[in-house]
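Student: Provided below are the primary sequence and the corresponding predicted coordinates.
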Amino acid sequence: MSAATQLARRHRFRWWELLPWAAGIAVFFVFPNYLSFATQVLITILFALSLDLVLGYAGIVTLGHAAFFGAGAYTVGMMAMHWGWNEPISGLLAAALVAGAIGLASGLVLLRTHGLTLLMLTLCTMTLLEQAANMGAAWTGGFDGMPGLSFAKILGLFGFDALYFRSQYLYALAVLFLCFVIQRMLVYSSFGQSLTGIRENLLRMHAVGAPVRARQVLAYTVSAALAGVAGALFTQANGYVNLAVLGLERSAGVMIVLILGGYGRLYGAFVGATAYMVLEHVLAKAYPTAWQLGLGLTLVAVALFARNGIIGIVDSLRRRLAGSAR
Amino acid sequence: MLETKGLCRSFGALEVAREIDFRLERGARHALIGPNGAGKTTFVNLLTGVLPPSRGNVLLEGEDVTTFAQAKRVKRGIARTFQINQLFRGLTVQENVCIAVSERLGVGGSMLRPAGKRADVIEEASRLIGMLKLGEDAGRRIVELPYGRQRLVEIAIALGLNPRVLLLDEPAAGIPSAESYILLDAIATLPKDIAVLIIEHDMDLVFRFAKRITVLVSGAIFAEGTPTEIAANREVRSVYLGSALDA
């Protein structure tokens, strides 16, 4: 098959792309007692997916992505708490708008820099928001956050299930699917191709006449909006929001998830989030006092031997098999 | 077509471009030569907007583009290749050229339609890849290609921008001599109204290609003329060509 044909067909759906969604539906039936945990996995996948757009595709290194997750989480929390606006879907849209607006405003300033300066400024942005949430206790609940939030039925039909998380799980799965479709469309579009170009060689992208910074800011804004949706889902599914949604731990955690799964690969977020959270869950159960050691060793092994993450291992195996078949 | 007036650039006390008055006519086949450190690449950087000048102006078709950003100059028709390859190393040859063509056609920012459905982009990229005899490497990633083949991709990308002025910074560096004809063939097939400025150390290629040659020494124009005039210029021979022509 010629390179041109390969490129022309690259965006087409392949059969194996159904697997994550089939697995997602299977979990609902096979693990009914783990749907709370599985919902958190779905939210983490969406958060990691949003980070992948900037880190994996546009090559923007950030340690402050939790700023947007937190912005979305607090948006729906504050709407429900202060204005009684607890309709879930409009809440998600509002969270996307607020987080996207913060992404746009901060991106316009931050993306004039790069490297370590950019890394530090993204971290500062998140810390500023965290402190704002801490100090604005009248609106945000301060250190205690906003517990006991309740939300209206999804589409007026499905109530949030406080005990078994059935509705939350399916709702999160549906939202993840929609966001994934949007992101998939973006990464296979000419815009996505140009983001990859920016990641690969900034100098060359300038030299082909691309408006590099505008593209970066746009990607950053879309990514922030998607992270905001993930944060809003977190608040709606759990019925609370506190400062933990804005911390460095969340930012670093989602980056680890993406590196573990493989960044710039669309499905790295799925594999990374699932592997990381399941491993964390299993190790914490088996070794309550030393589970972080096991997790740390796994991450060291991935960093040393699988630079492209778990998906990278699968890719290289696939290439080897294809090579030996020829 | 492309002109500079009193173009200067300093880095502190070091003057790397000094009062350069240069003119590149429509359809020109012009070479810029000079010893290492003469300021040739700096001059290209000044023309393309990578570096702002300390003084002087750059004019394209009479329009002052001195303050234009690099991307805006590209849109006006100035394209370049780099002395050291600047490619999308993790992407295939096809993708590299498609990115350039997409930008030229103004669809690089399109978010809704898959890049694979841009038949016009893919066909144009394939045509350029074929023109530079890169067809069998089209599906290979840049990192898998020998350096000489990568140089040809540099040129394919620049041609993908459909330039009015094409600046080639040492395009033959790293291309085996036996393959330099591909480069000359590609240039020969360009529309006659495109102005081409080539910076090159390969004198054989320069004298085969250029209708006019400018010699740059220590950031200033030292001599300018036809290849015959330059070859006959004793001062040029002494500062640069030396044994290459004496031999």
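Tutor: Perfect, I can see it now. Predicted, not measured: the structure shown is a model, and the values here were computed from it.

Student: who's residue B:24 bridged to?
Tutor: residue B:2 (DSSP bridges).

Student: for it, list the residues it contacts.
Tutor: By CB atoms under 8 Å, 6 or more residues apart in numbering or on different chains, the contact list for residue B:24 reads B:1, B:2, B:3, B:30, B:165, B:195, B:197. Just so you know, the C-beta spots here come from the backbone N, C-alpha and C atoms, and that holds for glycine as well.

Student: ok, the second one touching residue B:47?
Tutor: It refers to residue B:2. Yes: with contacts defined as CB atoms under 8 Å, residue B:2 counts as touching residue B:47 at a distance of 6.9 Å.

Student: mutual contacts of those two, please.
Tutor: Counting by CB under 8 Å, 6+ apart, the residues touching both residue B:2 and residue B:47 are B:58, B:78.

Student: what about the closest residue to residue B:138 other than its chain neighbours, how many residues nearby?
Tutor: What sits nearest to residue B:138 in space, not counting adjacent residues and going by CB to CB, 6 or more residues apart in numbering or on different chains, is residue A:3, at 3.6 Å. As a burial measure, the neighbour count of residue A:3 was computed by other CB atoms under 10 Å in any protein chain shown and equals 24.

Student: could you do the one 10 residues further on as well?
Tutor: Using other CB under 10 Å, residue A:13 has 8 neighbouring residues.

Student: what of residue A:202?
Tutor: Using other CB under 10 Å, residue A:202 has 16 neighbouring residues.

Student: ok, now the one 5 residues further on?
Tutor: Burial of residue A:207 is recorded as 28 neighbouring residues (other CB under 10 Å).

Student: surely residue B:46 touches residue B:18?
Tutor: No: the pair residue B:46 / residue B:18 is not scored as a contact, 11.8 Å apart, by CB under 8 Å.

Student: have a look at those two and say which one is more surrounded.
Tutor: Relative neighbour count places residue B:46 above the other of residue B:46 and residue B:18, with 24 against 18, counting by other CB under 10 Å.

Student: coming back round to it: so the residue nearest to residue B:138 touches residue B:93, yeah?
Tutor: Yes: the pair residue A:3 and residue B:93 qualifies as a contact (CB under 8 Å) at a distance of 7.0 Å.

Student: who touches both of the two?
Tutor: Shared contacts of residue A:3 and residue B:93 (CB under 8 Å, 6+ apart): B:138, B:139.

Student: follow-up on the earlier one: if any of the contacts of residue B:24 are buried, give me the ChimeraX selection for them.
Tutor: Here is the ChimeraX selection string for the buried members of those, based on 16 or more other CB atoms under 10 Å in any protein chain shown:
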select /B:1,2,3,30,165,195,197
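
Student: between the contacts of residue B:24, which sits nearest chain A?
Tutor: Within the contacts of residue B:24, proximity to chain A (CB to the nearest CB) peaks at residue B:165, which comes in at 13.2 Å.

Student: the closest one contacts residue B:195, correct?
Tutor: Yes: under the criterion of CB under 8 Å, residue B:165 is in contact with residue B:195, at a separation of 4.8 Å.
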